[in-house]
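Peer 1: predicted model follows, preceded by the sequence.
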Amino acid sequence: MRMSLAQRVLLTWLFTLLFLIMLVLKLDEKAPWNWFLIFIPVWIFDTILLVMLIVKMAGRCKSGFDPRNGSQNMKKKVWYLIAMLLKLAFCLALCAKLQRFTSMKLAYVFIPLWALLIGGMVELGYNIFYVRRD
């Protein structure tokens, strides 16, 4: 099943809207929910993205796959997987800190996010300044 761009945008907006509504309810103290419950739309959206990414990566393993330009494409997919895991680590650490499950310093909670942002800047710079040598 392949999703069109419009479907992906709609799905992204839907989960973002649900998360923001739940976040506002929690911050206004109208919903006494656990922080991990507030992040359920984020968990569901990330799970969908991870499954789609893993299915695409597994598609390379089937017989008859043409590997031309595949290593560059695979490197990009591995970066996307690492980025998703860094985002997941940040969200889990943030929820644990907000729920007071841990006494970790807030600076440590943001380490996965900082790594994700630095990696994103490196990828952006690589995509802008990389000159192909054909």
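Peer 2: Noted; the coordinates are in hand.
Peer 1: give the contact list for the spatially most central residue of the chain.
Peer 2: In the chain, the residue lying closest to the centroid (CA atoms, centre = their mean) is Met84, at 3.5 Å. By CB atoms under 8 Å, 6 or more residues apart in numbering, the residues touching Met84 are Asp46, Leu49, Leu50, Leu53. Every C-beta, even on glycine, is put in place using the N, C-alpha and C of the backbone.
Peer 1: what do you get for Asn34?
Peer 2: Gln99.
Peer 1: ok, it to Ser103 distance?
Peer 2: Relative to Ser103, Asn34 is positioned 18 Å away (CB to CB, to the nearest Å).
Peer 1: so what secondary structure elements neighbour the host helix or strand of Arg8?
Peer 2: Per DSSP states H and E, Arg8 falls inside helix 5-27. Applying 3 or more CB pairs under 8 Å, 6 or more residues apart in numbering; DSSP states H and E, we find helix 5-27 packed against helix 35-38, helix 40-59.
Peer 1: and the shortest one, C-alpha only, in PDB?
Peer 2: Below are the C-alpha coordinates for helix 35-38, written out as PDB (Å, rounded to 0.1, in the frame of the first residue of the first chain):
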ATOM      1  CA  TRP A  35       2.300  12.500  30.100                       C
ATOM      2  CA  PHE A  36       2.800   9.200  28.300                       C
ATOM      3  CA  LEU A  37      -0.900   9.200  27.400                       C
ATOM      4  CA  ILE A  38      -0.700  12.800  26.100                       C
END
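Peer 1: circling back: so which of the helices and strands packed on helix 5-27 is the most packed in?
Peer 2: Stretch with highest mean neighbour count among the helices and strands packed on helix 5-27: helix 35-38 (a mean of 16; mean count of other CB atoms under 10 Å).
Peer 1: average pLDDT for that one?
Peer 2: With pLDDT averaged residue by residue, helix 35-38 scores 94.
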